[in-house]
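> Task: produce atomic coordinates for the following.
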Amino acid sequence: MTSIQPFARLLVLTISCVLILIVCQGSGSIVYRLTQGKPLTLEFISAVFNLALALPPKSMLLFAVFFSMFEEVTFRGVLLRMLLRKYPIRRAIIYSALGFGLVHFPAVLTGRALIPTLGQVVWAALFGLFYGYLVVKTDSLAPAMIVHWLSNVFQEPLTAYWQTASIGIRTLYGIIFGYGLAALLLIFWVRFFSKRWLSPQSDNNRNSR
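Model (predicted):
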């Protein structure tokens, strides 16, 4: 799971996954705007997708959330690998995703409200399915580590608009647009990409031409 080859293809896959996540999270702000009956202007859309707000010198998030990459080492590099030795791939991915979700629950002990904490447990578990699938399909931690890191960097400007909603709406949007929808789309995308450009069969077909 430490492979970074083929480098160019893994880089393309990683960048495309980040872009899909950005679109999904930003779409949540657009949907929430529409539910309010407010106009969907170019200025508003530009503000939602103004990712420069999360980058230096305007923000230090790029460095502040760097540690999130190492969560992949723990949950996909160690836990998932151990589970794969005992269970079939699908079950191992599900169990590691559930573990990733549940580890966020103790936040309630630090004073965080129950509803948003439960929401985080759910969307972390949902996106954990994607992380596990990505690691298994690429046999590499690198793409998952980078996607995880950048998702924590860019989510603030992308979701800022619907973060002004009530706690229930914020939680619902977090599950659906924060990570749930993205997890579903990304799993299908990784499956397609890996079959077409990462599988041994693709390389054999390409070499035989």
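> Now residue 125. Nearest residue, chain neighbours left out?
Distance criterion CB to CB, 6 or more residues apart in numbering; nearest residue to residue 125, sequence neighbours excluded, is residue 101 at 2.8 Å. Any C-beta I mention is one placed from the backbone N, CA and C, and that applies to glycine too.
> What's the separation between the one you found and residue 166?
23 Å (CB to CB, to the nearest Å).
> These two - which one has more neighbours?
Per other CB atoms under 10 Å, whichever of residue 101 and residue 166 has more neighbours is residue 101, with 20 against 9.
> C-terminal to the lengthiest helix in the chain, what's the next element?
When the chain is parsed with DSSP state H, its longest helix is helix 7-35. Next along the chain after helix 7-35, taking DSSP states H and E as the criterion, comes helix 42-48.
> buried residues in that next one?
residue 48 (16 or more other CB atoms under 10 Å).
> Same question for stretch 184-193.
By neighbour count on 16+ other CB under 10 Å, the buried set for stretch 184-193 is 185-187, 189-190, 193.
> List the contacts of that stretch.
With CB atoms under 8 Å, 6 or more residues apart in numbering as the test, stretch 184-193 has contacts from 13, 16-17, 20-21, 24, 129-130, 133-134, 137-138.
> Name only those of those that count as buried.
13, 17, 20-21, 24, 129-130, 133-134, 137-138.
> and the two most separated of the residues you listed?
For the buried ones among the contacts of stretch 184-193, the farthest-apart pair by CB to CB is 24 and 138; their separation is 20.4 Å.
> re earlier: closest to residue 61 out of the buried ones among the contacts of stretch 184-193?
Nearest to residue 61 among the buried ones among the contacts of stretch 184-193, counting by CB to CB, is residue 21 at 15.3 Å.
> on that earlier part again, what about the longest helix of the chain, average pLDDT?
For helix 7-35, mean pLDDT is 96.
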